[in-house]
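> Predicted model follows, preceded by the sequence.
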Number of protein chains: 2
Amino acid sequence: MSDSVVRPRPDAAVTLRPVAGARLNGGFWGARQRVNREVTIPLGGERVRESGAFDNLKLAGRGAGGEHRGKIFADSDVYKWLEALAWERGRAGGDDLARAYEEASELVEAAQAPDGYLHTHTQLTGRPRYGDLASSHELYCAGHLMQAAVAGSRATGDRRLLEVATRFADHLVKDLPPDALDGHPEIETALTELYRETGTRPYLDLAARMIATRGRELLPLKGHHGPGIRQDRVPPREAATVEGHAVRAVYLAAGAADVAAETSDQGLLDALERQWADMVATKTYLTGGLGSVWYGEQFGGPHELTPETAYCETCAAVGSVQWSWRMLLATGAAQYADLMERTLYNAVLPGISLSGDRFFYVNALRVRAGANPDDRRAAARGRQDWYGTACCPPNVMRLLSSLDHYLATRDGDGVQLHLYAPGTIRAGEVLLEVETDYPWDGRVEIVIRETPDHPWTLSTRIPSWSSDAVVEGTLAGTRSDGTLAGAGAGAGAGAGAGAGVGFGADAEPGTYHRVRRTWRPGDRITLDLGVRPRLTVAVPRLDVARGQVAVERGPLVYCLEQTDHPGVIVDDLCLADADLRDGTPLAGLPADVVPVTARGRAHVHREDDGGSPYRTAAAPREADHAGPIDLTFVPYYAWANRGTGPMTVWAPMHAD
Amino acid sequence: MSDSVVRPRPDAAVTLRPVAGARLNGGFWGARQRVNREVTIPLGGERVRESGAFDNLKLAGRGAGGEHRGKIFADSDVYKWLEALAWERGRAGGDDLARAYEEASELVEAAQAPDGYLHTHTQLTGRPRYGDLASSHELYCAGHLMQAAVAGSRATGDRRLLEVATRFADHLVKDLPPDALDGHPEIETALTELYRETGTRPYLDLAARMIATRGRELLPLKGHHGPGIRQDRVPPREAATVEGHAVRAVYLAAGAADVAAETSDQGLLDALERQWADMVATKTYLTGGLGSVWYGEQFGGPHELTPETAYCETCAAVGSVQWSWRMLLATGAAQYADLMERTLYNAVLPGISLSGDRFFYVNALRVRAGANPDDRRAAARGRQDWYGTACCPPNVMRLLSSLDHYLATRDGDGVQLHLYAPGTIRAGEVLLEVETDYPWDGRVEIVIRETPDHPWTLSTRIPSWSSDAVVEGTLAGTRSDGTLAGAGAGAGAGAGAGAGVGFGADAEPGTYHRVRRTWRPGDRITLDLGVRPRLTVAVPRLDVARGQVAVERGPLVYCLEQTDHPGVIVDDLCLADADLRDGTPLAGLPADVVPVTARGRAHVHREDDGGSPYRTAAAPREADHAGPIDLTFVPYYAWANRGTGPMTVWAPMHAD
């Protein structure tokens, strides 16, 4: 069982600390992890090999130059894939994974220059080191190397890459020009984690220096873009929102959160809380997806969240989870776990097919009928086998293989459960077992298997959508404090029942429900989070959703797909009423996927519309509608697994 | 007075023919032409000079290579500016213009290679000719040279550039590789016009060959884009819609229409009618603007017409006018003149400030509050002095200086008026005088000044928005056919009045109102097109306009600008009812600009919105609104002339 993916030092300013011993076991995410291990990671190795990234390392190892293949940041694909391998080895072992990891690590090790530098594009082309940091991705790649190295060390104790990473980091501490920044942040969080792993303080100091140096327009401008796209317009400490390239923004924010924690920098943390809040309020799609602008893969303006042109890069979703996790550790606030969950289910997971071998780089919330087959914007073209810029697939791999680490935390007073999945949570003397069919079912059973003989608090997250959650307890027998605990005691709605055992009355959405007591092995807590279909609407400023609704169920965002609606075009569909129901399994999707059904109508294209889509009228007109039509909503993450066609997350409501 | 900008050969398959003798004189467009002549064209010369484009020509003329400055297509800026100069000289003379024209023509002439080739980037860099036509813009620049040359010849009889252009065209006919296509169409229409001017048939044949060769994926792919962006995915004869780079699409279509006319190619014309209809039905903004995708400056999918991310390049609007004009000549159908008018007022004109010295390359229909100052998307940044890629400003210049040519046409049976502006129309034996304050006032007076003594038809366009147009006549006295024509005879609503003079009953919107008779000098026809504010709505598939309305008045699209609404944010405004009224002049805008006023409200940001823009609800919720607020709409073309801030063309309707 691996140590955690993020591990603040003992003196870090954090509210919550990761638990090393969380283990996913089956269920929704277990199935995704199995596909990740059996299909995606092996396939990823092949694709990375085909891209030439291993060859680049081989050539660099020979030290005689040569032709670099693929993108300037091709090394990072190897590192992210290695990180996934490392966590997966720690999670579930496997000789085949170990061999692949060893072989690739050997190439990386051999490619490193004698002084510790490593970036095959620079080494093979002979370009000057750090001569074009706005574009070269040298430090970005270094960061991913460090993260892979930390993963290897924590997951399996394999320190081979860690030696490489520390040599590189030592070189950077010694030789990197004082104001050097990479156009693509990433190394900041990596250096901090490497400090956490090794205790070498200069790594943290270098990360802190980079955070302090950013936002002063030191990076040269390139192309049509301003300094914001490279996160170099406003210092992280002063920024009030997120801007520019979405992946870079959230990677930088994650790094800044790490630095803030390790340096007890409350001012920096405050700024990050502000930025995160503005991002959630004005620049986050319903799916948790980030980035509405194709041009530069950027955040758009506030409320600029057009569904069909959503960028929502899969990597930005991965980075968002990383940032939110660090904010959760720092503050303990449930909102961060809420966004993590939303993002994992609806913005990370759509990036990979159910079969594990096809990918989305961009995740639009709508695809219209008649999309141009030449349109390279990805959603209309469907999932792809791989990408020339292949950042996203291995990013999903490494997150899935380390997902166990995000389930729970501990603090001085107890254990907090953030994400619900079957498995076990070991936190010091506490061992919990979780049983659930979440997210399909809202019932989560938590059994205390081991516990110290003194009071501690079990905190369970009540998601913000869970408006009538119920928390109940079944206690194992006589308490160590002498009271007798009856079966079925406690309820979310009021004071304790049975033998005076209270489970609290504050099962408030968007908070943690907390029960502090002296637990006994066999005690059982049952959450019912009330997973059922619901309609979601948006504020008036979000005018792309005006007059429209979305269907959600538990943590899942749903969508209408063309394949389930023969005879009509998804573009023309609307809901006729708010009566949503769970549907029966659909052919072509796993049997556990719960569709949502509703009554709908289709608007009719009137003869008098003529050639123009515009006409004079005294007020917005109601369209003519035919109906009723049975609508079938499927989870957004599962779309485009039965062919690609029109799809929408938002649909008009047209009640008579 | 110039011969027309487009001049089909006598044997061309066209329904209408341009009139050489149309002359704008004052009024709305006259004022724009004056600014164009006095401010924009001189400024354009300076900016082109500063860009290095003249220096490139000088260096090329020396034949010894040298550093090329500016974009690879910098020559075209010179040519488009020269074309503007030429038309302006023809329109209104001027020694200063003549000198500037002569100087620049001399540079162009000197830069031409002995065999006729001319493209300074290729000449100065020594790259192989036609070696990278997907990107080099060699033929695109050649096309603009030809258009400038034709303008010089037609406007003033100056044949200096025409010699250069024909030498180049002769070289192309002889030496251009058989399948050669430019990544950016333009030369097709230029070659056809050069054929029209010179009678040299091989120029037309070359243009026809290029149209026949396109759409076969012969151009190499570049970047992330497919063949569609260079108009090379579907042959023009087979295409059912427009796609790819919007400017390239409409330039190619204009060229194809020219070729279809000169070769009597009905199949090609049919295809163009189909493409145009699909463009209007699904890919045209209310302003007439084209292109909704920043990525590649492209058309989006059908109904993908998001206001804030509209690309609507000014050049695409110019090209759209060119295409529609050619379709109008070919078919005589009023819809083409309708789109021309919409586009001229609302998509071309917004590209230039009222002062004539600041420009928009991109024309968004909405700018939100809180736009990122680093966002390089142009609308939020306001008008610019010039652009690194300076295609748009000289495109507007040449269109404004040749606008007279688009007012009217003739056919075997009479004269057709398409655009309404004060001036004179000479068509053979007919001389018309037009008096009007259009578009501010819907009344248009047409006086027959000269007429042959036999019947002919005067056709006047009734715009598609003019739902209750009235056409009346005041006749000069005794008819040459012996009947007595009474004053005030005729009406749009029924049979003739007075002495048996009928003015027809078919003043149907979107058609031509036709009166055939033996006219006499002094006969006067009065149109009242009913210019008053109206509300416009969109079809349901255009979901970015769902529940919203736009204000139009005559041919003008209006918008809400922040500067007229202190104390509230434009993003929050909605209309409270459909009671629109003409307003009084606004400070900072010309006194003739008629604002439109309405009662509105502003939605209130509720406390319980919390941090997320999404919430659970049974149906789309009505926002809380405060009010009433006086709303002031200004013509969209006039926005961003009093500072830049939030702006919107579409606004929600929120009637209680």
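Ah, there it is. The structure presented is a predicted model; accordingly, all values stated were derived computationally and were not measured.
> going forward, measure contacts and count neighbours with C-alpha atoms only.
OK.
> Describe which strands the particular helix or strand that has A:Glu552 in it pairs with in its sheet and in which direction.
Assigned by DSSP states H and E, A:Glu552 falls within strand A:548-553. Strand A:548-553 has the following sheet partners, assigned by DSSP bridges: strand A:533-538 (antiparallel), strand A:556-561 (antiparallel), strand A:650-652 (antiparallel).
> Do me a favour and average the pLDDT over it.
Strand A:548-553 shows a mean pLDDT of 96.
> Show residues contacting that strand.
A:531-538, A:557-559, A:633, A:649-653, B:619-620 (CA atoms under 8 Å, 6 or more residues apart in numbering or on different chains).
> where along the stretch 1-150 of chain A do the helices fall?
For the stretch 1-150 of chain A, applying DSSP state H, counting those that start in this stretch gives helices covering A:27-35, A:41-51, A:53-62, A:74-92, A:95-111, A:120-125, A:133-136, A:138-156.
> Now render the ones you listed as TSV, adding mean pLDDT, mean neighbour count and distance to chain B.
Shown next, in TSV, are those (pLDDT from 0 to 100; neighbours: other CA atoms under 10 Å in any protein chain shown; distance: least, CA to the nearest CA, whole Å):
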stretch	mean pLDDT	mean neighbour count	distance to chain B
helix A:27-35	98	20	25
helix A:41-51	97	18	17
helix A:53-62	97	22	20
helix A:74-92	96	27	17
helix A:95-111	95	17	30
helix A:120-125	97	23	20
helix A:133-136	96	19	17
helix A:138-156	97	27	23
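> before we move on, back to that, out of the strands paired with strand A:548-553, indicate the one that is most buried.
strand A:556-561 (a mean of 26; mean count of other CA atoms under 10 Å in any protein chain shown).
> which element follows that one toward the C-terminus?
Defined by DSSP H and E, the subsequent element after strand A:556-561 is strand A:573-575.
> Mind listing residues that contact that next one?
A:Ala598, A:Arg599, A:Gly600, A:Arg601, A:Ala602, A:His603, A:Leu631, A:Ala651, A:Pro652, A:Met653, A:His654, A:Ala655.
> Any of the residues you listed buried? List them.
Neighbour-count burial (16 or more other CA atoms under 10 Å in any protein chain shown) is assigned, among the contacts of strand A:573-575, to A:Ala598, A:Arg599, A:Gly600, A:Arg601, A:Ala602, A:His603, A:Leu631, A:Ala651, A:Pro652, A:Met653, A:His654.
> So which of the residues you listed belong to strands?
A:Ala598, A:Arg599, A:Gly600, A:Arg601, A:Ala602, A:His603, A:Leu631, A:Ala651, A:Pro652 (DSSP state E).
> Toward the C-terminus, what is the element adjacent to the helix-or-strand element of chain A with minimal mean pLDDT?
Here the helix or strand of chain A ranked lowest by mean pLDDT, DSSP states H and E is helix A:378-381, holding a mean of 68. For helix A:378-381, the following helix or strand on the C-terminal side (DSSP H and E) is helix A:392-401.
> Going by distance to B:Arg237, which of the ones in strands among the buried ones among the contacts of strand A:573-575 wins?
In terms of CA to CA, no member of these lies closer to B:Arg237 than A:His603, at 32.5 Å.
> Run through the residues that contact the closest one.
By CA under 8 Å, 6+ apart, the neighbours of A:His603 are A:Asp572, A:Leu573, A:Cys574, A:Ala623, A:Asp624, A:His625, A:Ala626, B:Pro540.
> excluding its backbone neighbours, what's nearest it?
A:His625 (4.0 Å; CA to CA, 6 or more residues apart in numbering or on different chains).
> Count the residues that sit near the one you found.
19 (other CA atoms under 10 Å in any protein chain shown).
> tell me the pLDDT at it?
77.
> do you know how far it is from A:Glu50?
52 Å (CA to CA, to the nearest Å).
> now swap in A:Ala598 and tell me
A:Ala598 is 46 Å from A:Glu50, by CA to CA.
> thinking again about what came up before, report the two of the contacts of strand A:573-575 separated the most.
Across the contacts of strand A:573-575 (CA to CA), the longest gap, 16.0 Å, separates A:Ala598 and A:His603.
> follow-up on the earlier one: only alpha carbons, please: show the strand holding A:Glu552 as PDB.
The C-alpha trace of strand A:548-553 is given here as PDB (Å, rounded to 0.1, in the frame of the first residue of the first chain):
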ATOM      1  CA  GLN A 548     -32.500  25.400 -20.100                       C
ATOM      2  CA  VAL A 549     -32.000  22.700 -17.500                       C
ATOM      3  CA  ALA A 550     -29.500  19.900 -16.900                       C
ATOM      4  CA  VAL A 551     -30.100  16.500 -15.400                       C
ATOM      5  CA  GLU A 552     -27.900  15.400 -12.600                       C
ATOM      6  CA  ARG A 553     -28.100  12.300 -10.400                       C
END
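> and A:Leu458, helix, strand or coil?
strand (DSSP: H, G, I helix; E, B strand; the rest coil).
> Residues in a beta bridge with it, which ones?
According to DSSP bridges, beta-bridge pairing links A:Leu458 with A:Val415, A:Val515.
> same check, this time on A:Val634
Bridge pairing for A:Val634 - DSSP bridges - gives A:Cys559.
> Please identify which helix or strand holds the residue lying closest to A:Asp11 once chain neighbours are set aside.
In space, and not counting its chain neighbours, A:Asp11 is closest to A:Glu262: 7.3 Å by CA to CA, 6+ apart. A:Glu262 belongs to helix A:246-263 when elements are defined using DSSP H and E.
> who in the stretch 501-650 of chain A is up against chain B?
Contact residues, the stretch 501-650 of chain A versus chain B (CA under 8 Å from any CA of the partner chain): A:534-544, A:546-549, A:571-572, A:578, A:603, A:609, A:611-621, A:623.
> which stretches of the stretch 501-650 of chain A have low pLDDT?
A:501-506, A:605-610, A:619-623 (pLDDT under 70).
> ok, now with 80
Across the stretch 501-650 of chain A, the ranges flagged by pLDDT under 80 are A:501-506, A:604-610, A:618-627.
> residues from the stretch 101-250 of chain A in reach of chain B?
A:His224, A:His225, A:Gly226, A:Pro227, A:Gly228, A:Arg233, A:Glu243, A:Gly244.
> same thing but 6 Å
Residues of the stretch 101-250 of chain A lying close to chain B (CA under 6 Å from any CA of the partner chain) are A:Gly226, A:Gly228.
> mind listing what the residue in the stretch 1-150 of chain A that chain B sits nearest to touches?
Per CA to the nearest CA, A:Lys71 is where the stretch 1-150 of chain A lies closest to chain B, at 12.9 Å. Neighbour list for A:Lys71: empty [criterion: CA atoms under 6 Å, 6 or more residues apart in numbering or on different chains].
> Now the phi/psi pair for it, please.
phi -70, psi 160 (degrees, to the nearest 10).
> Next one, pLDDT for it please.
96.
> And for A:His245, the neighbour number?
A:His245 - counted by other CA under 10 Å - has 24 other residues nearby.
> Test of understanding: give the bridge partners of it.
A:Gln298.
> and A:Ala281, that one's in a helix?
Yes: per three-state DSSP, A:Ala281 lies within a helix segment.
> That one: neighbour count?
Neighbours around A:Ala281, by other CA under 10 Å: 18.
> any idea how far chain B is from it?
Distance of A:Ala281 to chain B, given as CA to the nearest CA, to the nearest Å: 5 Å.
> Isn't that residue up against B:Gly611?
Yes: with contact defined as CA atoms under 6 Å, A:Ala281 counts as touching B:Gly611 (5.1 Å).
> mind putting the helices of the stretch 1-150 of chain A in JSON lines, distance to A:His303 included?
Below are these laid out as JSON lines (distance: least, CA to CA, whole Å):
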{"stretch": "helix A:27-35", "distance to A:His303": "32"}
{"stretch": "helix A:41-51", "distance to A:His303": "36"}
{"stretch": "helix A:53-62", "distance to A:His303": "39"}
{"stretch": "helix A:74-92", "distance to A:His303": "33"}
{"stretch": "helix A:95-111", "distance to A:His303": "44"}
{"stretch": "helix A:120-125", "distance to A:His303": "39"}
{"stretch": "helix A:133-136", "distance to A:His303": "29"}
{"stretch": "helix A:138-156", "distance to A:His303": "30"}
